[in-house]
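> Pasted the sequence and its predicted model underneath.
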Amino acid sequence: MAQYIYYTFARHGELVQLKVKHVRENSVFIPGSIAKNRKARHILISPALQRMLQTLKVRDMPPEHFLISQNGLPGTKRSSRNHVSQPHLRIRIELGLPENVTFYYWKHTGHSDTHKKTK
């Protein structure tokens with residue numbers, strides 16, 4: 001989940017609602033019906049995200065599968081916000097990362113890193 005947030009800058013609540021069909025050739029489509037601000041948008045797929053999608057074989061999955069299911073992979077059962085938040089918290093604590101390393105942290109860090117690389 002953190003990698004998806006980092007590469008797409010999408011919100012956690014948006015990602016758990018995305019389906020495989022929203023992954024296009026060069027972008028991930030966030031429909032207005034699931035976007036926090038209700039505005040549809042396309043997020044360009046970076047080379048790193050492209051590799052991740054290929055490794056997970058996302059484009060080989062049925063279009064109606066959720067992009068992130070309960071096991072973190074594409075599947076038929078949508079992941080809940082808490083289902084992925086708890087493992088993230090456990091890993092953050094195990095690694096000794098500060099409390100500010102939340103899912104939102106990865107969104108902000110992805111933005112910042114992309115900005116630095118494209119200046």
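Here it is on my side, so go on.
> from here on, contacts and neighbour counts on C-alpha atoms
Noted.
> Quick check on the nearest residue to Pro62 once chain neighbours are set aside: phi, psi?
Nearest in space to Pro62, with sequence neighbours left out and distances taken as CA to CA, 6 or more residues apart in numbering, is Val20 at 6.9 Å. The phi and psi values for Val20, taken as degrees, to the nearest 10, are phi -50, psi -40.
> cool, and Leu95?
Per-residue torsions, Leu95: phi -80, psi -10 (degrees, to the nearest 10).
> Count the residues that sit near it.
The number of residues packed near Leu95 is 9, by other CA atoms under 10 Å.
> now do the one 3 residues further on
The local packing count at Pro98 equals 9, with neighbours defined by other CA under 10 Å.
> ok, now Leu15?
22.
> so what's the closest residue to Lys39 other than its chain neighbours up against?
Of all residues not flanking Lys39 in the chain, Gly32 sits nearest, at 4.4 Å (CA to CA, 6+ apart). When contacts are counted by CA atoms under 8 Å, 6 or more residues apart in numbering, Gly32 touches 38-41.
> Now do the strands in the protein.
Along the chain, counting by DSSP state E, strands occupy 27-30, 41-44.
> Would you confirm that Leu18 contacts Ser33?
No: with contact defined as CA atoms under 8 Å, Leu18 does not count as touching Ser33 (10.6 Å).
> more neighbours, the two?
Leu18 (23 against 12).
> Give me the phi and psi for the more buried one.
Phi and psi for Leu18, reported as degrees, to the nearest 10, are phi -70, psi 150.
> Please tell me how far it sits from Ser79.
10 Å (CA to CA, to the nearest Å).
> Which neighbours do those two have in common?
Ile68.
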